[in-house]
Structures are given as structure tokens and as C-alpha cells.
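# Have a look at this fold, sequence not included:
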Ligand code: UD2
């Protein structure tokens, strides 16, 4: 049992982000000390509202590109033993326009952090990888070893995440989780990289028609944010006794493909929407199908996704109902 003096510390980069804020909330509820950093490039202070005043939460506005960042934080918080590295350039279009910046943040800064984490004896360094690491691979479901140096990535975002995951996995304390399409409360429908789920829910609640880009037959593997948080805990071994972190690269998804048309229909059912969806041309560079093979991660960690799409959509909808979504 942890007591007040010996709480184990977890560092979360991107703590003000969509997933990072859920992870922070969960770790605080599990009685860990949480040190969060974010530079608010895409994160929002409001995401941390429910736990910002917690006495076990320490927040620093900082960039992950800062030299010796972990060393400094470890000096201030000697309890730090786990790092969840989620801060990144997360917008695919932004990455195309700012390739060097994306590589500097998503790859070079990650390499520096994982190295520092090893030198500082961190038990685990868990990295937010991405389904984008697979590029346009048509072999479905996607298995971890399909992404290789020969993979043709469709954006600097995908390339940077692939190279960073590979380096993280080579560190004895490193785990990279390739998350597929995450959705849930706090996903901002107004941002340029927002996902289709939040866009659909925000539009339906505003009585606007949903916009389907292309024919709607394209499919994605949608995973609810609490299942992703649970995957981070499993990766670090924090919900096993004794804690035994994993090492390597693992997919995190549901293993189920859902078409955008099905998503639109389910959204309309849940919101009692009657507006017919509007069809617009396919998004340039869009991937047709994306589906995770999650067998490896399930086998090594005991994790499995728990929240079905209808349930996850209902929970997200409930949250949207309580928070007026920004214009999208
Ligand atoms: C996901 C990630 C992205 C990157 C990419 C790599 C999210 C939110 N985005 O993009 O960061 O990792 O995978 O492959 O997880 N669509 C509509 N109507 C809308 C919005 C989207 O029909 O209003 C379509 C869109 O054209 C696409 C599908 O919905 O076919 C999913 O779009 P998305 O932006 O939610 O996610 P994705 O998989 O393109």
C-alpha cells in the first residue's frame, strides 16, 4: 500500500490533451502522484479542470523539447518512476506543412526523453504511437510487424511516430502503444485534427447534418478513451501486482471495423437526429480501411477493450450535453 510519503510518481507529457487528461485523472484516482507537462499547443487547460486542484497533481507549462527536462523534473519530484509520453504534434495536415518541426518534436524529443528515462532509472516509458505508423498497408487486420523501415508513410506524422516507436521499443524500459481511432469526452470537435466521432456528435447536437467525406464505406477501428487509459496502465504494469512493465510495440484498438455510414446511423439514432447526412468528396489522402490486430497486446498484458461503440458514443454524448461544444 502506498502511504502519503511514498506515493509513486508518474510523469505525463501532454497532460492537458484529450487522452493525457483522462490518464492523469485515472492515475490520481489510483493514488499516484502525477506530474503533468503541456505547452498548450493543442492541449487545453480546461481538460484538467476536474483534477487541477488535486494535492497530488503538479503541473508545469513546458515543451518536451526543453533540454534535460526529465532530469529537472526528477530533481523536483524524486518519486517519479513512470513516464507516459503523449505530447506530440498530433495533426496530420500540420505535420505535412511543418515536417522539420514534427520530426523535432515527435522523434528527436522522444529519443532524448526515453534516453533520459533510462539514465534516471525510470521503471517504464510508455509512448503514444499511432495507427498512422502502418501507412497504407492493405493487409488487415494490421499486425505489429507490418510496419517496417520500408513502410511508405502518408505523412511526416506517421513516419515520426513509426521511428519514435521503434526507438522506444529498443529501450529496455520502453513500450509503444499504437492506438487506433480514439474517441470520447474532451475530444475537441473544432480542432483541425478532430476525429469523426466528435464532429458527428457536435453536428447532430446542433441539429446540423453530418458530413460524410466520400461514400461512407471506409472503415475505422474506434476505441473509447477509457480503454486506451486502461491499456496505458497495463503497458506500465500498474494494474498488476507486482508491477511488471512490458517492452515492445503493441496495437491498441478493438479489432472491429466500423464504417463511417454505420457510425453516422448510430449517431443519428442516439441523438434522435433526422437530418440526412451530407456527402462531400473524399478527403485527399484518406485511408480506406484501418483495423487493428490486438491479439499480441491482449496475450501479454491481459488487457481487453470493454466499452462497445454504442456505449462509448452514449457516454461521449452525455459529456457533450454537459459541455457546449465549440462551433465546428
Ligand atoms: C486518424 C487520426 C489521425 C491519424 C490518422 C492516421 C483521429 C481523430 N485521427 O485519422 O490523427 O493518426 O488516423 O491514419 O484519430 N470523416 C467524415 N466526416 C467528417 C470527418 C471525417 O466522413 O466530418 C471521415 C474521414 O474522411 C475518414 C474517417 O471519417 O475516412 C475517419 O476520419 P478521422 O479524421 O476521424 O480519422 P482518420 O482515421 O482519418
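Noted; the coordinates are in hand. No experiment lies behind these values; they were computed from the predicted model shown. Numbers count the residues shown, from 1 in each chain.

# burial measure for residue 165, as a count.
27 (other CB atoms under 10 Å). Using the backbone N, CA and C atoms, a C-beta is placed for each residue, glycine as well.

# Leaving out chain neighbours, which residue sits closest to residue 69?
Leaving aside its sequence neighbours, residue 69 sits nearest to residue 62 (CB to CB, 6 or more residues apart in numbering; 6.4 Å).

# and that neighbour, how many residues sit next to it?
Neighbourhood size, residue 62 [other CB under 10 Å]: 16.

# First-to-last residue distance for stretch 8-23?
Length of stretch 8-23, first residue to last, CA to CA, to the nearest Å: 15 Å.

# And for stretch 76-95?
33 Å.

# buried stuff in it?
By neighbour count on 16 or more other CB atoms under 10 Å, the buried set for stretch 76-95 is 79-92, 94-95.

# Stretch 178-194 too?
178-189, 191, 194.

# and which of those is nearest to the ligand?
The closest of the buried residues of stretch 178-194 to the ligand turns out to be residue 181 (CB to the nearest ligand atom; 4.4 Å).

# That closest one contacts residue 195, correct?
Yes - between residue 181 and residue 195 there is a contact at 6.1 Å, judged by CB atoms under 8 Å.

# in stretch 258-271, what counts as buried?
For stretch 258-271, burial by neighbour count (16+ other CB under 10 Å) applies to 258, 259, 260, 263, 264, 266, 267, 268, 270, 271.

# Tell me how far that stretch lies from the chain's centre.
Between the centre of stretch 258-271 and the centre of its chain there are 22 Å (CA atoms, centre = their mean, to the nearest Å).

# could we number from 357 for the rest of this?
Noted, 357 is the first residue going forward, which turns the last one into stretch 614-627.

# Quick check: the residue nearest to residue 419 when sequence neighbours are not counted vs residue 544, distance?
Spatially, and ignoring its direct neighbours in sequence, residue 419 is nearest to residue 395 (4.5 Å; CB to CB, 6+ apart). Distance, residue 395 to residue 544, using CB to CB, to the nearest Å: 16 Å.

# The residue nearest to residue 425 and residue 426 touch, don't they?
No - using CB under 8 Å, residue 418 is not in contact with residue 426, being 10.8 Å away.

# what distance separates the start and the end of stretch 431-451?
The first-to-last residue distance of stretch 431-451 comes to 33 Å (CA to CA).

# does any part of it sit near the ligand?
Yes - shown here: stretch 431-451 in contact with the ligand (CB under 6 Å from any ligand atom) through 446, 448.

# quick one: secondary structure of the residue in the stretch 357-506 of the chain positioned nearest to the ligand?
Going by CB to the nearest ligand atom, the ligand is nearest to residue 488 of the stretch 357-506 of the chain, at 3.4 Å. Look at residue 488: counting by DSSP: H, G, I helix; E, B strand; the rest coil, its state is helix.

# check contacts around it.
448, 509, 510, 511, 513, 514, 517, 518 (CB atoms under 8 Å, 6 or more residues apart in numbering).

# Could you tell me which of these belong to helices?
Applying DSSP state H to these, the entries found in helices are 448, 513, 514, 517, 518.

# From those residues, list the buried ones, please.
448, 513, 514, 517, 518.

# Spell out which parts of the stretch 357-506 of the chain neighbour the ligand.
446, 448, 486, 487, 488.

# Farthest pair within those?
446 and 487 (12.7 Å; CB to CB).

# just checking, residue 633 touches residue 566?
Yes - counting by CB under 8 Å, residue 633 touches residue 566, with 4.4 Å between them.

# which one of these two has more residues nearby?
Taking other CB under 10 Å, residue 633 and residue 566 do not tie; residue 566 has more neighbours (25 against 20).

# near the ligand, which residues of the stretch 557-684 of the chain show up?
567, 568, 569, 570, 574, 576, 616, 639, 642, 643, 646.

# Just read off the phi/psi values of the fifth one.
Dihedral angles of residue 574 (phi, psi; degrees, to the nearest 10) stand at phi -70, psi 150.

# Show the contacting residues for it.
For residue 574, the contact set (CB under 8 Å, 6+ apart) comprises 615, 616, 642, 643, 644, 645.

# Which members of those occur in strands, if any?
Of the positions in the contacts of residue 574, residue 615 sit in strands, assigned by DSSP state E.

# For the closest residue to residue 462 other than its chain neighbours, the count of nearby residues, please.
Spatial nearest neighbour of residue 462, chain neighbours left out: residue 516 (3.6 Å); criterion: CB to CB, 6+ apart. Per other CB under 10 Å, the neighbour tally for residue 516 reads 26.

# OK, contacts around the residue of the stretch 507-656 of the chain found nearest the ligand?
Per CB to the nearest ligand atom, residue 551 is where the stretch 507-656 of the chain lies closest to the ligand, at 2.8 Å. By CB under 8 Å, 6+ apart, residue 551 lies in contact with 537, 538, 539, 543.
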